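Asks: how would this look folded up:
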Amino acid sequence: MEVICVAGSPPFDPLTAPALTRDPTDDPIVYSALLADVDYLVSDDNHIVPNGDTEEYEHGDHRILAVRFGYLVSELMADIAWDGIDGALLKEAF
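Replies: Sure thing, here's the model as predicted:
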């Protein structure tokens, strides 16, 4: 699954992360994704994706879409032939 990968942000002090979510402990996670300039932040955390399946974040010139795993699979990866993929791989990805 090449769509799911890890991206790294430049180093920063987590205590300096701006307030982006309702939970200050999640702000460094979202801020890190913004700095890494990722396309999607996949999370089922209710503070990162609080209103349904997606949440947009923006800081400076960085913008990302946080999505729940189910939304990623059902909407953003809808064209994939899931029957041809070993279910154990999907469990590991989740």
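Asks: what about L41, helix or strand, and which?
Replies: In the assignment (DSSP states H and E), L41 maps to strand 40-42.
Asks: which secondary structure elements does that strand contact?
Replies: helix 27-36, strand 62-67 (3 or more C-beta pairs under 8 Å, 6 or more residues apart in numbering; DSSP states H and E). Bear in mind the C-beta positions are built from the backbone N, C-alpha and C, glycine included.
Asks: mind running it again at 6 Å?
Replies: Other helices and strands packing on strand 40-42, by 3 or more C-beta pairs under 6 Å, 6 or more residues apart in numbering; DSSP states H and E, are strand 62-67.
Asks: returning to what we had before: just the angle for the helix or strand that the strand holding L41 is followed by relative to strand 62-67, thanks.
Replies: Scanning forward in sequence from strand 40-42 by DSSP H and E, the next helix or strand is strand 54-59. Calculated by axes from the mean of the first three to the mean of the last three C-alpha atoms, to 10 degrees, strand 54-59 forms an angle of 160 degrees with strand 62-67.
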